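Enquirer: Turn this into a structure:
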Amino acid sequence: MLQQIANSKTTKRASVAFIMAHDTGRLLAQCRASKYEPNEISSWGLFGGEAESCDTPEQALIRELGEETGLVIREKSDLIKIAKQETPAGSLSTLFLVCVQHEFEPNLCDESAGYQWTSLAQWPQPAHFMMERSIEALNKYSNHRSNDNYPTMPVRLG
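Expert: Alright, predicted model coming up:
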C-alpha cells in the first residue's frame, strides 16, 4: 500500500523529524498553531511539513525545518530516515531523526504556537494524532542502536 501511495502523483507527501539534542537526549516538540485543522490545533507533534511536487523527502524536511525552526542542515546525509508512514487521510509521511549537539531556542514561524524540549515519556498533551505511530517507529529504530551511539550532526542555526 505504501508503494502505491508513494507512486501516486496526487497523494500529499510530508516529511517530519524528531530533533534530538545529543547532550541531553531530549526531543523538540512543536505545539501546532490555529492555522491547522481543528483536530490538530494545540496538539504536540513534530516539526516538518508538506513536500512540494518536486521535493524529495530530504529536500522537503531541510526546507521545512529551516522555515519552522531556523535550523540549517547542510547535507542530506545528516538526516536519518526512520520510517515511511501512511496517515489516516491517506498521505505519505517520511519520518526522520535529526541530532543536534545542544538544545536551542527555535525561531518559530506562524505554524507553531510554542515548543518544548522533552522526553518521550513526558511528551506534552494532547499529542498530535500521528505521535503514537511516530514514537513506535523511533523505538523500533532505537532498539537496533545503542542509546549512547546516536550520531551528532553538523547542524547549526541560521
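
Enquirer: which residues touch the residue nearest the centre of the chain?
Expert: Residue closest to the mean C-alpha point of the chain, counted by CA atoms, centre = their mean, is residue 17 at 1.9 Å. Counting by CB atoms under 8 Å, 6 or more residues apart in numbering, residue 17 touches 46-48, 61, 65, 79, 95-98. All C-beta atoms are positioned from the backbone trio N, CA, C, and that covers glycine.

Enquirer: Please apply the same query to residue 134.
Expert: 16, 18, 46, 85, 95.

Enquirer: And those, which two are furthest apart?
Expert: Largest separation among those by CB to CB: 18 and 85, giving 12.9 Å.

Enquirer: ranges for the strands of the chain?
Expert: Counting by DSSP state E, the chain has these strands, from start to end: 13-21, 27-32, 44-45, 47-50, 71-73, 80-86, 92-100, 112-118, 155-157.

Enquirer: got a markdown table for the ones you listed, with distance to residue 38 and mean pLDDT too?
Expert: Shown next, in a markdown table, are the strands of the chain (distance: least, CB to CB, whole Å; pLDDT from 0 to 100):
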| stretch | distance to residue 38 | mean pLDDT |
| --- | --- | --- |
| strand 13-21 | 19 | 97 |
| strand 27-32 | 11 | 96 |
| strand 44-45 | 15 | 96 |
| strand 47-50 | 18 | 95 |
| strand 71-73 | 28 | 95 |
| strand 80-86 | 22 | 95 |
| strand 92-100 | 20 | 96 |
| strand 112-118 | 14 | 96 |
| strand 155-157 | 32 | 38 |
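
Enquirer: For residue 140, find the nearest of these.
Expert: Closest approach to residue 140 among those is made by strand 80-86 (7.7 Å; CB to CB).

Enquirer: What is the end-to-end distance of stretch 34-45?
Expert: This stretch, stretch 34-45, spans 14 Å end to end (CA to CA, to the nearest Å).

Enquirer: And it, what's buried?
Expert: Across stretch 34-45, burial judged by 16 or more other CB atoms under 10 Å covers 40, 43-45.

Enquirer: hmm, back to that, now the residue nearest to the centre of the chain, nearest residue through space, not along the chain?
Expert: Excluding the flanking residues, the one nearest residue 17 by CB to CB, 6 or more residues apart in numbering is residue 96, at 4.2 Å.

Enquirer: next one: residue 91
Expert: Spatial nearest neighbour of residue 91, excluding adjacent residues (CB to CB, 6+ apart): residue 12 at 4.2 Å.
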